[in-house]
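Asker: with the sequence up front, the predicted model follows.
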Amino acid sequence: MKCEWVQQNIVLFVYDELPDDARYELEQHVSRCTGCAGELESAKRFRTNFSRSPIQEPSPNFLAASRMKLQEALESAEQGAWWHRYIFDPAAWLHQIRFAPALAVAIFMVGFGGGIGATYKMLRTQPDFPSGSPAPAPVQASIGAIQSVAQQPGSNQVTIKYDAVSPQVRTGSLNDPNIQQLLLYAARNNFNPGVRMDSVDLLTQQPSDTHVREALIYALRYDSNTGVRLKALDGLGPAVKGDVQVRDAVLEALMSDANPGVRIEALRLLVPVRADSSVRIVLQRLAAKDENRYIRSQARTLLSQLPEMN
């Protein structure tokens, strides 16, 4: 075992976060290496001294600002899921297997079982669907692109044309899970801004659904089309008062969106919750130095309507 690995994991060892087999390896190394033993003693002293320090309660304003920053950081980190480390970093696989023999056995068993299952599926003949029966639900991995989204006038029936191996068309109610799946896919992944806007527009009819709300927040934060972001704002508006995540997303749009129209609409949606501590913080920043004169003026007006905080 190298000293570099030991020094990287000493903190985990001190806070009891290492697996038992890795702890044993580290303890064996430290018993033979005076340099690493000194590092370990230093880390233990740090923990002891740190635990003696008094814990101060953060202010409500600091908590509100930190909550907003944390939400933003989590959203940006979402694109790099944990499994990327193992797909693109073979060294991480080798490291995990070295200190977890049970993991290696599990990987072998899963791979062996998966090979048998794949062979069995290849040998099976695909069943024919009875005439008139509904087509199987689309799988996102097999969808190439959403070509068009249209709602039939005077009803909640939606027709979606999408590419798979060949172009496919599905018609169903807005309550149909397969229709919802396609709409959510189109709102996040389609290259055509018109299709994204149609999808977001239909999703706003069911803003209370958790997955729909997440898709609207995603569109508000990341969609490059101003019209799509405005549609997402319109759908999120009713939830600003009761959903903290929605409120934080609207606050983020107010502070950083490149389009003044989106920022002004976000400010309008926040009027009913202007007394919230996180909203107040943002309004104070905007009133002090925002480059948009209208937003700066409206922020000052809203602040003037609030009671003074002790």
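Answerer: Yep, it's here. Residues are numbered from 1 along each chain as shown.
Asker: could you report the separation of the nearest residue to residue 156 once chain neighbours are set aside from residue 230?
Answerer: Of all residues not flanking residue 156 in the chain, residue 174 sits nearest, at 4.6 Å (CB to CB, 6 or more residues apart in numbering). No exception for glycine: its C-beta is placed from N, CA and C like everyone else's. In this view, residue 174 and residue 230 are 21 Å apart by CB to CB, to the nearest Å.
Asker: now do the strands in the chain.
Answerer: 145-151, 157-163, 167-173 (DSSP state E).
Asker: what's the average pLDDT for the first one?
Answerer: By that I understand strand 145-151. Strand 145-151 shows a mean pLDDT of 81 in the predicted model.
Asker: likewise the second one?
Answerer: Averaged across strand 157-163, pLDDT comes to 83.
Asker: how close does the residue nearest to residue 201 when sequence neighbours are not counted get to residue 5?
Answerer: Spatially, and ignoring its direct neighbours in sequence, residue 201 is nearest to residue 231 (5.4 Å; CB to CB, 6+ apart). Using CB to CB, residue 231 is found at 51 Å from residue 5.
Asker: which of these two has more residues huddled nearby?
Answerer: Ranked by neighbour count (other CB atoms under 10 Å), residue 231 and residue 5 place residue 231 first, with 25 against 16.
Asker: so who does the more buried one touch?
Answerer: By CB atoms under 8 Å, 6 or more residues apart in numbering, residue 231 lies in contact with 197, 200, 201, 204, 219.
Asker: swap the cut-off to 6 Å and go again
Answerer: 197, 200, 201 (CB atoms under 6 Å, 6 or more residues apart in numbering).
Asker: can I get those in TSV with pLDDT?
Answerer: Output for the contacts of residue 231, formatted as TSV (pLDDT from 0 to 100):
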residue	pLDDT
197	83
200	84
201	84
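Asker: can you tell me which of those residues are in helices?
Answerer: 197, 200, 201 (DSSP state H).
Asker: derive a PyMOL selection command for the buried subset of the residues you listed.
Answerer: Only the buried entries of these go into this PyMOL selection, using 16 or more other CB atoms under 10 Å:
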select buried, resi 197+200+201
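Asker: could you dump the ones in helices among the contacts of residue 231 into TSV with distance to residue 267 added?
Answerer: As requested, these are exported to TSV (distance: CB to CB, whole Å):
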residue	distance to residue 267
197	22
200	21
201	22
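Asker: now for residue 40, how many residues are close by?
Answerer: Residue 40 has 21 neighbours, counted by other CB under 10 Å.
Asker: any idea how far it lies from residue 26?
Answerer: Distance of residue 40 to residue 26, computed by CB to CB: 8 Å.
Asker: shaky segments in the stretch 201-310 of the chain?
Answerer: 308-310 (pLDDT under 70).
Asker: wait, which of the strands of the chain is closest to residue 249?
Answerer: Within the strands of the chain, the stretch nearest residue 249 is strand 145-151; the backing value is 23.2 Å (CB to CB).
Asker: what angle sits between the closest one and strand 157-163?
Answerer: Using axes from the mean of the first three to the mean of the last three CA atoms, to 10 degrees, the direction of strand 145-151 lies 170 degrees away from that of strand 157-163.
Asker: list the contacts of stretch 287-297.
Answerer: Residues outside stretch 287-297 that contact it (CB under 6 Å, 6+ apart): 260, 286, 299, 300, 303.
Asker: tell me the one among those nearest to residue 20.
Answerer: Relative to residue 20, the closest of the contacts of stretch 287-297 is residue 286; by CB to CB it sits at 53.0 Å.
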